[in-house]
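Asks: Structure for the following, please:
(chains A and B)
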Amino acid sequence: MRRTRLFLPTLKETPAEAQVVSHRLMLRAGLVRQSAAGIYTWLPTGLRVLRKIAQIVREEQDRAGAQEVLMPTIQPAELWRGSGRFEDYGKEMLRITDRHDRELLYGPTAEEVITDIVANEITSYRDLPKNLYNIQWKFRDEVRPRFGVMRGREFLMKDNYSFDLDKAGAVHSYNKMFLAYLRTYARMGLQAIPMAADTGPIGGDLSHEFIILAETGESSVFCDKALLALDAPGDDIDYDVNLQDLVDQWTHYYAATDERHDQANCDVANDQLVTARGIEVGHIFYFGTKYSEPLGATVQGSGGQKITLEMGSYGIGVSRLVGAIIEASHDDNGIIWPESVAPWTVGLINLKVSDADCTATCERIYAELKAAGVATIYDDRDERAGGKFADMDLVGIPWQLTVGPRGLKDRKIEVKKRAGGEKSEVTIDALGDWIAARAAL
RNA sequence: CGGGAAGUAGCUCAGCCUGGUAGAGCACUACGUUCGGGACGUAGGGGCCGGAGGUUCGAAUCCUCUCUUCCCGACCA
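Replies: Prediction:
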């Protein structure tokens, strides 16, 4: 995309409303604009990041056998009365009344909707197990939204729901998601640590939060240093075999958020204990028949008996991840996107638009990048060099190609890597290979 | 939901105490000089001073109410 055509309103100064670094950078880098407290418009660049994150989530859900659906944002109150949560959920739930005085709500989660579907459509044990997910906007009327998109009222969340015949099956479904989550975060360049968690309003008796470490995290976390050295499962993972040993590799180490941390029960040696701040980017639950029972989600078993489904639910805060990744990856100059979620892989800087050779060279490189399918932002503005460099760093483009008259005398352009800032020179003739390498990503 | 702060140009802010024709920097437009890490000059455009009442000859400024936003705490994907 040409910078002269792209809608990318970057800011030199930080709006007063933003306090935490990811919020400031998201506003300055032109990713989002606030519409109301905790409610944001996603501008083109921010939307690209949001979609890339959602796509990684989607691919890992699909790989683990989940199937995508799309549930409504507006849900009928009667469904929530069925589970008893219409009254229980409190003021966080945004309640709406339509013209017929029918009570509706903007979904904060979707257990009721999906369980209702499954209860109506799945009637035989032969149709199980099933795991259904959707990536949809949710709304929770937080008393105090803050930290930009990390604690918004409206947020994009992947939520999925597993349905099994028995507890063993449900635990297997839980384990699949546990490992799929590790893979999902790893692909975004994040080290997410699973921590035993309270189940909160969702309910249940088995639950893990996935926490990434960042200085600006919302809560204190404590964990065994060994967890930081573990690698997420690779592409060769087979989700159909028993996964318990693999999961246990992660869960047998001590890891707790401050609300669960108990110094007395923590047997980790002091020099082995990591004490840090954490951001919750996912939460998984096994909760048995908590929703299937009241909502009548049953099937007939092979012997004709009625079986109440065993359920779990699993959430990933997709929009929150945009902020979380920035919290984990930035410097004084701006965002440092991991390549897998970067809005553009390459930033091409034309240092002198008025120079015919310079512009012709840029156009040629830009065409090559486009042909190779490399997502490129081409800064073709008639601006001063400093502003272009600063913008590329602010927006966090992983690779920056600088084309200027000085380098062109030797047929060279400068390649800069945003992470680390290393610069090198590449001849124009050798650039084709460099582009091919980027295209392979 | 308790406690605190702030709403003046697109952004950052001054002016308010002590009432008297709306300001600066950045951004934007034009021209000129510059031009490899957020240049400089000149000339411009842009504000119902969050909203509603009140006091006053006169309100951005004083008073009352209200809306919005942010911060700390309690709460949370």
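Asks: Does RNA strand B have contacts with the longest strand anywhere in chain A?
Replies: Longest strand in chain A, counting residues (DSSP state E): strand A:273-288. Yes - applying C-beta under 7 Å from any atom of the strand, one finds strand A:273-288 in contact with RNA strand B at A:280-283. Every C-beta, even on glycine, is put in place using the N, C-alpha and C of the backbone.
Asks: number of nearby residues for A:L273?
Replies: Counted by other C-beta atoms under 10 Å, the residues lying close to A:L273 total 15.
Asks: shouldn't it be in contact with A:L227?
Replies: No - using C-beta atoms under 8 Å as the test, A:L273 is too far from A:L227 to be in contact (10.8 Å).
Asks: quick one on the thing from earlier: after the longest strand of chain A, which helix or strand is next?
Replies: Going down the chain from strand A:273-288, the next helix or strand is helix A:292-295, by DSSP states H and E.
Asks: which residue sits closest to the closest residue to RNA strand B within the stretch 51-200 of chain A in space, ignoring its chain neighbours?
Replies: RNA strand B sits closest to A:F155 of the stretch 51-200 of chain A, with a gap of 3.3 Å, by C-beta to the nearest atom of the strand. Excluding the flanking residues, the one nearest A:F155 by C-beta to C-beta, 6 or more residues apart in numbering is A:S319, at 4.7 Å.
Asks: From RNA strand B, how far off is that neighbour?
Replies: Plainly put, A:S319 is 6 Å away from RNA strand B if you go by C-beta to the nearest atom of the strand, to the nearest Å.
Asks: same check, this time on A:R24
Replies: On the measure of C-beta to the nearest atom of the strand, A:R24 and RNA strand B end up 10 Å apart.
Asks: ditto for A:V274
Replies: Counting by C-beta to the nearest atom of the strand - A:V274 and RNA strand B are separated by 20 Å.
Asks: Tally up the residues packed near that residue, please.
Replies: A:V274 has 17 nearby residues by other C-beta under 10 Å.
Asks: Please tell me the pLDDT value assigned to it.
Replies: Predicted confidence (pLDDT) for A:V274: 91.
Asks: Isn't it up against A:A226?
Replies: No - with contact defined as C-beta under 8 Å, A:V274 and A:A226 do not form a contacting pair (9.5 Å).
Asks: Just the buried residues of whichever strand or helix holds A:W137, please?
Replies: Assigned by DSSP H and E, A:W137 belongs to strand A:130-139. Judged by neighbour count (16 or more other C-beta atoms under 10 Å), strand A:130-139 contains these buried residues: A:130-136, A:138-139.
Asks: So which of these is the closest to A:I377?
Replies: Nearest to A:I377 among the buried residues of strand A:130-139: A:I135, at 25.5 Å, using C-beta to C-beta.
Asks: list the contacts for that closest one?
Replies: Residues near A:I135 by C-beta atoms under 8 Å, 6 or more residues apart in numbering: A:54, A:57-58, A:68, A:156-158, A:318.
Asks: sorry, back to before: relative to strand A:273-288, how tilted is the helix or strand harbouring the residue nearest to A:F155?
Replies: Element membership for A:S319, per DSSP H and E: helix A:318-328. Helix A:318-328 runs at 170 degrees relative to strand A:273-288, counting by axes from the mean of the first three to the mean of the last three C-alpha atoms, to 10 degrees.
Asks: what is the mean pLDDT for helix A:318-328?
Replies: Summarised as a single mean, pLDDT over helix A:318-328 is 96.
Asks: neighbouring contacts of it?
Replies: Counting by C-beta under 8 Å, 6+ apart, A:20-23, A:25-26, A:31, A:46, A:49-50, A:53-54, A:57, A:135, A:147-152, A:155-158, A:188-190, A:212-217, A:279, A:281, A:317, A:335, A:337-338, A:341 sit against helix A:318-328.
Asks: Quick one: distance of it to the chain centre.
Replies: Relative to its parent chain, helix A:318-328 has a centroid offset of 7 Å by C-alpha atoms, centre = their mean, to the nearest Å.
Asks: moving C-terminal of it, what's the next helix or strand?
Replies: By DSSP H and E, the next helix or strand past helix A:318-328 is strand A:330-331.
Asks: So what are the sheet partners of that next one and their directions?
Replies: Applying DSSP bridges, strand A:330-331 is found paired with strand A:334-335 (antiparallel).
Asks: what is the mean pLDDT for the strand it pairs with?
Replies: Rounded mean pLDDT across strand A:334-335 is 96.
Asks: How about that strand and RNA strand B, touching?
Replies: No - for strand A:334-335, no contact with RNA strand B is found by C-beta under 7 Å from any atom of the strand; the gap never falls below 7.7 Å.
Asks: re earlier: wait, a strand at the residue of the stretch 51-200 of chain A closest to RNA strand B?
Replies: Yes - according to DSSP: H, G, I helix; E, B strand; the rest coil, A:F155 belongs to a strand.
Asks: That one touches A:G317, doesn't it?
Replies: Yes - assessed by C-beta under 8 Å, A:F155 is found in contact with A:G317 at 6.2 Å.
Asks: which of the two has more neighbours?
Replies: Using other C-beta under 10 Å as the criterion, A:F155 and A:G317 rank with A:G317 on top: 26 against 22.
Asks: tell me the contacts of the more buried one?
Replies: Going by C-beta under 8 Å, 6+ apart, the list of residues near A:G317 reads A:155-157, A:280-282, A:324.
Asks: and if we set it to 6 Å?
Replies: Contacts for A:G317 (C-beta atoms under 6 Å, 6 or more residues apart in numbering) come out as A:157, A:281.
Asks: how about A:K91, secondary structure?
Replies: helix.
Asks: Relative to A:F147, how far out is it?
Replies: Taking C-beta to C-beta, to the nearest Å as the measure, A:K91 falls 20 Å from A:F147.
Asks: Neighbour count for these two, which is higher?
Replies: The neighbour count for A:K91 versus A:F147, taken as other C-beta under 10 Å, is higher for A:F147 (21 against 10).
Asks: just to revisit the earlier point, next, format the contacts of A:I135 as JSON lines and append neighbour count.
Replies: Conversion of those to JSON lines gives the following (neighbours: other C-beta atoms under 10 Å):
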{"residue": "A:A54", "neighbour count": "17"}
{"residue": "A:V57", "neighbour count": "26"}
{"residue": "A:R58", "neighbour count": "18"}
{"residue": "A:E68", "neighbour count": "13"}
{"residue": "A:L156", "neighbour count": "23"}
{"residue": "A:M157", "neighbour count": "22"}
{"residue": "A:K158", "neighbour count": "24"}
{"residue": "A:V318", "neighbour count": "25"}
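Asks: anything in the strand or helix carrying A:M311 near RNA strand B?
Replies: Assigned by DSSP H and E, A:M311 belongs to strand A:310-317. Yes - contact of strand A:310-317 with RNA strand B (C-beta under 7 Å from any atom of the strand) involves A:315-317.
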